[in-house]
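Undergrad: Below: sequence and its predicted model.
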Amino acid sequence: NAGVMQNPRHLVRRRGQEARLRCSPVKGHSHVYWYRQLPEEGLKFMVYLQKENIIDESGMPKERFSAEFPKEGPSILRIQQVVRGDSAAYFCASSPLPRAPGANVLTFGAGSRLTVL
Amino acid sequence: QQPVQSPQAVILREGEDAVINCSSSKALYSVHWYRQKHGEAPVFLMILLKGGEQKGHEKISASFNEKKQQSSLYLTASQLSYSGTYFCGTELSNNDMRFGAGTRLTVKP
């Protein structure tokens, strides 16, 4: 029973290039969350998606960042024209359809570490 | 909507106890606790749903106050393996999840 799979684990990009981070949720999980973590800091919410639907993207910068969770395939976090400030660990988490309000347990992936040179 | 954690960091000797607090200005649906070891994914510890609830797992336990605005995580007789960053999380009405800034716990021999 595979957990949340993220790839690549490490990605190096030069300023101005694009970064694509992929997340395959736990089989059967219909909700995906993306968080950004700077070194020695907390998990900053970016976006929450269900299949083919963005539920909440209030934590994502309005420019250069986009996310999708298509009907088939992994969720993708896309960062266009990366800048040095985008360097961080990006964690994806998934959860099944909650059985009760408040009972939404997340399973995290190992993260993708983006370095922008 | 993001919960507030305190303290930011704790250093303990093996065998000592620690308390990590998590609070919100509004009543929460629930509070979740996760632990993240350096360079790894956060791992779920426990969830509390009801006001006044207490839960435990070995020597790590948590409480959720009656008003559901404050939770504490208790680490008793700490072990080296307890080192890591502890996050409290809260679920919003649309199943969205927000986390506090984390508490970095270091247990030394």
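TA: Good, I have the coordinates.
Undergrad: Any idea how far stretch A:42-58 is from the middle of the chain?
TA: Relative to its chain's centre, stretch A:42-58 lies at 8 Å (CA atoms, centre = their mean, to the nearest Å).
Undergrad: cool, stretch A:91-107 as well?
TA: On the basis of CA atoms, centre = their mean, stretch A:91-107 sits 15 Å off its chain's mean C-alpha point.
Undergrad: Buried by neighbour count: which residues of it qualify?
TA: Within stretch A:91-107, the residues that qualify as buried are A:91, A:92, A:93, A:94, A:95, A:102, A:104, A:105, A:106, A:107, counting by 16 or more other CB atoms under 10 Å in any protein chain shown. The C-beta positions use only the backbone N, C-alpha and C, and glycine is treated the same way.
Undergrad: Repeat that for stretch A:61-75.
TA: Buried, per 16+ other CB under 10 Å, within stretch A:61-75: A:65, A:67, A:68, A:69, A:74, A:75.
Undergrad: from memory the third one sits against residue A:75, does it?
TA: Yes: with contacts defined as CB atoms under 8 Å, residue A:68 counts as touching residue A:75 at a distance of 6.8 Å.
Undergrad: Pull up the overlap in contacts between the two.
TA: Residues within reach of residue A:68 and of residue A:75 at once, by CB atoms under 8 Å, 6 or more residues apart in numbering or on different chains, are residue A:49.
Undergrad: Show me the beta-bridge partners of the one residue sitting closest to the centre of chain A.
TA: Centroid-nearest residue in chain A, with CA atoms, centre = their mean: residue A:34, separated by 3.1 Å. For residue A:34, the beta-bridge partners are residue A:47, residue A:92 (DSSP bridges).
Undergrad: Return the residues in contact with it.
TA: Residue A:34 touches A:23, A:46, A:47, A:48, A:60, A:67, A:75, A:77, A:90, A:91, A:92, counting by CB under 8 Å, 6+ apart.
Undergrad: If we use 7 Å, what do you get?
TA: A:46, A:47, A:67, A:77, A:90, A:92 (CB atoms under 7 Å, 6 or more residues apart in numbering or on different chains).
Undergrad: Would you agree the last one is in contact with residue A:23?
TA: Yes: the pair residue A:92 and residue A:23 passes the contact test of CB atoms under 7 Å, sitting 3.4 Å apart.
Undergrad: How many neighbouring residues does residue 26 have?
TA: With no chain named, the answer covers chain A. 18 (other CB atoms under 10 Å in any protein chain shown).
Undergrad: should've been chain B
TA: There are 10 residues near residue B:26, going by other CB under 10 Å.
Undergrad: what's the answer for residue B:100, then?
TA: 23.
Undergrad: The residue nearest to residue A:41 when sequence neighbours are not counted sits in which helix or strand?
TA: Spatial nearest neighbour of residue A:41, chain neighbours left out: residue B:101 (7.0 Å); criterion: CB to CB, 6 or more residues apart in numbering or on different chains. Residue B:101 is part of no helix or strand when elements are defined by DSSP states H and E.
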